[in-house]
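Visitor: Quick one: sequence plus predicted model below, questions after.
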Amino acid sequence: MSSSVTNGVMGAAKNWHSNGKTDNTSRDIREIFSSSVFTLDEMRSRLSKPVYKSLLATVEKGTAIDPSIADIVALAMKEWATEKGATHYTHWFQPLTGGTAEKHDSFITPNAGGGAVAEFSGKELIQGEPDASSFPSGGLRATFEARGYTAWDPTSPAFIINHSNGATLVIPTAFASWNGEALDNKTPLLRSIDALNKQVLRALNVLGITNVNRAYATLGCEQEYFLVDEEFYFRRPDLYLAGRTLFGAKPPRGQELEDHYFGTIPDRVLSYMSDVEHQLYTLGVPVKTRHNEVAPAQYEIAPIFEHANIAADHQQLVMQVLRSTARKYGLVCLLHEKPFAGVNGSGKHVNWSIATDTGMNLLEPGQTPSENLVFLFFCSAVIKAVHKHQDLLRVSVASAANDHRLGANEAPPAIISIFLGDQLTDVFTQIHKGTNKKAKQGGMLGLGTNVLPNLPRHAGDRNRTSPFAFTGNKFEFRAVGSSQSVSFPATVLNTIAAEAIDELTTMLEKSLKGKKNLADAMHGLIKEVIDNHGHVIFNMDGYSDDWQKEAKKRGLLNLRTTLDAVSSLVAKKNIQLFNKYGVLSPRELEAREEIYFDQYFKTINIEAETTERIAQTVMLPAALQYIHQLSQTAEELSDSGIKSKAVMSSLKEIVELSDALSESLTELRKQNNDLGGDTVHQKSIHMFKRVIPAMNAVREACDNLERIVPEKLWQMPSYREMLWVK
C-alpha cells in the first residue's frame, strides 16, 4: 500500500482512544434521568396550582391550551433554562425533510440603561415564524408565499441541548403555513392521535368500559445503525455525499460466519454507546437495549414504550445524538438503510399498540373473558385496517434508500401481511368456524439438564420475515427504514386503526340493538372480519417464492419500489380516509405525494452524479495507471526476451474492464444530462428506468476493477477496512 493508505488504516486501528473521553457516564442513572427536561415535576415546583392544573389538562387530557397562562409558563421555563446554562431558545420542528429544523434566538434583550436582560414571553413560547418556502412543501408554499408558523406543542416537554460552549432551550413545535396547512410530520401525527382517541373511547363505551378518559397510541422504536472510522468516512466521497457506498467489492469476509450478532461489543463502541445512552437519559429518552447487529460494524439501540408523539420526538433525538457523539470517538454513525452492499441493511422496527389513561394495553390478551373480548375487538380492527390499507403502510416506509433493503434477507418483503402466531391464529380460526376447543398453550421448555431452569414457552414463534407481526402485546412494523422519521408511519397506523375501530363499533352497535349479547355480537363481528380480511394473515416464510405466488392469489399488493407505491397515496379511498378523520386534507396529501417524488428524484440524482465523478476522477485513473505499469513491465520483459503469461493476461483483463468502465460512464453521463421531463414524477421515472441501471453498470465495472488493481493505486478505503477495522 501507499503510505497514505497504510497510515489511514493504522490510525483508525490505534488512535481512537485519544478522543472521546467523557465524565458523565459514571453518574447514577436515576440522578441524571430527565435532568435536562422541563418535566411535569419541574413545572409543578415552579408554577402556581391553577396554572399547573390548566397545563396538565392539556398534556394529559388533550384540552385546548389556555393562552392566558403562556407568559407565566414562559417565565418559569426561561428561569429553569438559564439556570441550566441556556443562552438561546429554539422552536424545534419536523419539516417534511424527515429530519428536524431549528432557529436559535437569544434570551438577551437590550434595556434603556445600556445593559441587557433575559426575556422570554408567552408569545415567543407559543409561536415562531420561520421561512416556510425554504422547506419541502409540495406546492403548499412558493417563494413569494414564505410565511409559516411554528406552534408550541405542550404535550411534548421542552428540553436542554448542551454543546461545547453553552446550551439551548429546545421547544418541540408543530409547523404550518400561513393558511394553516401542515408542513411537518408532527401536526398530522397529533391529529391522528386525536382521531384514534375518539374512536377508541367510543368502542370501549360499547364494550362496557366507561372509566377511560383518554386513549393513545404507544411506540417503541428500535434503531439500527453502522459505525465506521472517520478516517475511512472522509476518504469516501460517496459516504459523505450520498450516505451510502456507491462502490465496493465484496470483502473476503462479510457476515457469513454469523458471529457478529449479539457478539461482544468492542470497547471503543461500548464507550460510545454508554456516552450516547447517558446523554439520552438526561433528555428523558428511556433507552433500554444495546447490542451488535447482524452485519459487521452494525449495532442497535432500543427504548421502551412511550406515548406516540413523545416517542417520535425522542426518536429524532436518538438519531441526532448517535450522529453527534460518534465524532468524539473518531467514528461516524451511518443511518442509511443500506450503506454497504452484500451485508444486512438497517431498519427501525416500530412497536405499536393502543393504551389508555387507566393503564390498559388494548392489544394485550386479558385474564378474563371480558378482557379478551376487548383484546379480540381491537386485534380484529388491526387486521381489517392492515388489509384494507396495505398500500398506505407501504407508502409510509417508501424511499429510495429503503428500496435497497425491503425484500432482502434482512428485511420484510414489500408485500404487507400480518403474523399472528399459532395461538392467536388458532383462536380466530375457532371463532370463525364456530368450534370451541381449548386454545393452544405455550407450556414449559425443558433444556435437558437439571442445572438449567425450565423456561415458559410462548404459544407462538416469532417471524422475522413478516412486515407486521404480533409479538404478544403489540404489533411490530418491521418495514420502517433506519433513517426515516417514525411520525408518518405512526400517523398512518393511527388513522387506519381509527377507521377500522369506527366501522367495527358501528357493526357492534347494530348487533347489540338487535338484542344479541356482547359475546354473540363479537362472534359475528370477528367472523365477518376473518371472512373479508383474514387472507392478510400469514405465519410462514415471507421470503419464499411460494409466498409471492400465494399473496397474488389472495389479492395482496406487491409494491416492490417507491415508484410502485407512492401514487397510491392519493387514491380516492385514501383521500377520503385522511379527510374524514381530519388528519390530512386532500391538498396536504397531494403535497406529500409530490414531496415523495421530489425526494426520490433528488436522492438518485445526487447518487448518480457522485458515481460519475468518483468513477471518472478516481477509479478510471487508477485503472489506467495500472495499465501503464503493466505495459511498461511487458515492454521491459520483451526487451529481455522474456514472455510472461501473467503480465499479458493481467494487462488484457484490466484493459477490458477499463473499456467497460469507460463505456458505462459514457452512458451514465448521457442519462445524467437528461432529466427525463419537467415534472418530478417524470424525472423520478427517468431515474428509476434509466439512471439507476446506468449507475449499476458503472459500479459493476468499478467493483471488478477493485478486485485486481493494486491497493496502493486504489485510494478509496475498501469494505474490508471499513467493516472490520474497529
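Guide: Structure's in. What do you need?

Visitor: Now do residue 526 against residue 519, distance only.
Guide: Remark: distance between residue 526 and residue 519 (C-beta to C-beta, to the nearest Å) = 11 Å. C-beta here means a position set from N, CA and C on the backbone, and glycine is covered the same way.

Visitor: Break down the stretch 1-150 of the chain into its helices, ranges please.
Guide: 3-14, 29-32, 40-46, 49-61, 70-83, 122-126 (DSSP state H, counting those that start in this stretch).

Visitor: With respect to residue 645, which of these lies nearest?
Guide: Taking C-beta to C-beta as the measure, these were each checked against residue 645, and helix 3-14 came out nearest at 29.4 Å.

Visitor: correct me, but residue 320 touches residue 100?
Guide: Yes: applying C-beta atoms under 8 Å as the test, residue 320 and residue 100 come out as touching, 7.1 Å apart.

Visitor: Looking at those two now, which is surrounded by more residues?
Guide: Regarding residue 320 and residue 100, a neighbour count based on other C-beta atoms under 10 Å identifies residue 100 as having more, with 20 against 16.

Visitor: What sits closest to that one if chain neighbours are left out?
Guide: Excluding the flanking residues, the one nearest residue 100 by C-beta to C-beta, 6 or more residues apart in numbering is residue 316, at 5.1 Å.

Visitor: mind checking which helix or strand of this protein has the lowest mean pLDDT?
Guide: Among the helices and strands of the chain, strand 444-445 carries the lowest confidence by mean pLDDT, DSSP states H and E, at a mean of 46.

Visitor: now the strands for the stretch 451-600 of the chain?
Guide: For the stretch 451-600 of the chain, the strands defined by DSSP state E, counting those that start in this stretch cover 455-456, 468-470, 475-477.

Visitor: Adding distance to residue 58 and mean pLDDT, write those strands out as TSV.
Guide: As requested, these are exported to TSV (distance: least, C-beta to C-beta, whole Å; pLDDT from 0 to 100):
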stretch	distance to residue 58	mean pLDDT
strand 455-456	42	50
strand 468-470	33	92
strand 475-477	29	95
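
Visitor: More neighbours: which of residue 526 and residue 519?
Guide: Between residue 526 and residue 519, residue 526 has the larger neighbour count (other C-beta under 10 Å), namely 22 against 10.

Visitor: coming back round to it: distance to residue 513 for the strands of the stretch 451-600 of the chain - can I get that in CSV?
Guide: Listed next are the strands of the stretch 451-600 of the chain as CSV, based on distance: least, C-beta to C-beta, whole Å:
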stretch, distance to residue 513
strand 455-456, 43
strand 468-470, 31
strand 475-477, 31
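
Visitor: Below-threshold pLDDT in the stretch 51-200 of the chain: ranges please.
Guide: Counting by pLDDT under 70, the stretch 51-200 of the chain shows low-confidence ranges at 111-117, 141-146.

Visitor: Touching, residue 364 and residue 473? I think so.
Guide: Yes: look at residue 364 against residue 473 with C-beta under 8 Å: they come within range, at 3.8 Å.

Visitor: tell me, what's touching those two both at once?
Guide: residue 353 (C-beta atoms under 8 Å, 6 or more residues apart in numbering).

Visitor: the more surrounded of these two?
Guide: Here residue 364 and residue 473 are set side by side on neighbour count (other C-beta under 10 Å), and the busier one is residue 364, at 17 against 14.

Visitor: residue at max distance from the center of the chain?
Guide: The C-alpha centroid of the chain is most remote from residue 641, which lies 63.7 Å away (C-alpha atoms, centre = their mean).

Visitor: Tell me the pLDDT of that one.
Guide: Residue 641 is assigned a predicted lDDT (pLDDT) of 89.

Visitor: that's a helix at it, yeah?
Guide: No: using DSSP: H, G, I helix; E, B strand; the rest coil, the secondary structure at residue 641 is coil, not a helix.

Visitor: ok, it - contacts?
Guide: Contacts for residue 641 were tallied using C-beta under 8 Å, 6+ apart; there are none.

Visitor: Quick check: it vs residue 630, distance?
Guide: 18 Å.

Visitor: again with residue 514
Guide: Separation of residue 514 from residue 630 (C-beta to C-beta): 87 Å.

Visitor: What are the phi and psi values at the residue most central in space within the chain?
Guide: In the chain, the C-alpha closest to the average C-alpha coordinate belongs to residue 484, at a distance of 3.4 Å (C-alpha atoms, centre = their mean). In terms of degrees, to the nearest 10, the main-chain angles of residue 484 are phi -80, psi 150.

Visitor: show me the contacts for it.
Guide: 98, 348, 397, 399, 402.

Visitor: at 7 Å instead, please
Guide: Taking C-beta atoms under 7 Å, 6 or more residues apart in numbering as the definition of contact, the neighbours of residue 484 are 98, 348, 397, 399.

Visitor: of all those residues, which comes closest to residue 706?
Guide: When the contacts of residue 484 are compared for distance to residue 706 (C-beta to C-beta), residue 399 wins out at 27.6 Å.

Visitor: Over to that closest one: give its phi and psi.
Guide: Backbone torsions for residue 399, taken as degrees, to the nearest 10, come to phi -170, psi 160.

Visitor: cool, and residue 302?
Guide: The main-chain torsion angles of residue 302 are listed as degrees, to the nearest 10 and equal phi -150, psi 140.

Visitor: What is the burial count for it?
Guide: Around residue 302 there are 19 residues (other C-beta under 10 Å).

Visitor: wait, isn't it in contact with residue 288?
Guide: Yes: with contact defined as C-beta atoms under 7 Å, residue 302 counts as touching residue 288 (5.9 Å).

Visitor: From the contact counts, what lies against the longest strand along the chain?
Guide: Ranked by residue count, the top strand of the chain under DSSP state E comes out as strand 166-177. For strand 166-177, the packing partners by 3 or more C-beta pairs under 7 Å, 6 or more residues apart in numbering; DSSP states H and E come out as strand 86-92, strand 148-152, strand 159-163, helix 186-206.

Visitor: I'd like the distance from whatever helix or strand comes next after the longest one to the chain centre, please.
Guide: Scanning forward in sequence from helix 186-206, with DSSP states H and E defining helices and strands, the next element found is strand 215-221. Its chain's C-alpha centre lies 15 Å from the corresponding centre of strand 215-221 when counted by C-alpha atoms, centre = their mean, to the nearest Å.

Visitor: Next, the angle from strand 215-221 to helix 186-206.
Guide: Angular relation of strand 215-221 and helix 186-206 on a 0 to 180 degree scale: 130 degrees, by axes from the mean of the first three to the mean of the last three C-alpha atoms, to 10 degrees.

Visitor: In its sheet, which strands sit next to strand 215-221, and in what direction?
Guide: strand 306-307 (antiparallel), strand 350-356 (antiparallel) (DSSP bridges).

Visitor: pull the CA atoms of the helix or strand following the longest one into CSV?
Guide: Towards the C-terminus, the helix or strand next in line after strand 350-356, according to DSSP H and E, is helix 369-388. What follows is the C-alpha trace of helix 369-388 in CSV, where atoms were taken according to Å, rounded to 0.1, in the frame of the first residue of the first chain:
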residue,chain,number,x,y,z
PRO,A,369,-63.4,-13.5,29.1
SER,A,370,-64.5,-9.8,29.2
GLU,A,371,-60.9,-8.6,28.9
ASN,A,372,-60.3,-11.0,26.0
LEU,A,373,-63.4,-9.7,24.2
VAL,A,374,-61.8,-6.2,24.3
PHE,A,375,-58.5,-7.6,23.0
LEU,A,376,-60.1,-9.5,20.2
PHE,A,377,-62.1,-6.5,19.1
PHE,A,378,-59.1,-4.3,18.8
CYS,A,379,-57.0,-7.0,17.3
SER,A,380,-59.7,-7.6,14.7
ALA,A,381,-59.7,-3.8,14.0
VAL,A,382,-55.9,-4.0,13.2
ILE,A,383,-56.4,-7.0,10.9
LYS,A,384,-59.1,-5.1,9.0
ALA,A,385,-57.0,-1.9,8.9
VAL,A,386,-53.9,-3.5,7.6
HIS,A,387,-55.6,-5.5,4.9
LYS,A,388,-57.7,-2.5,3.7
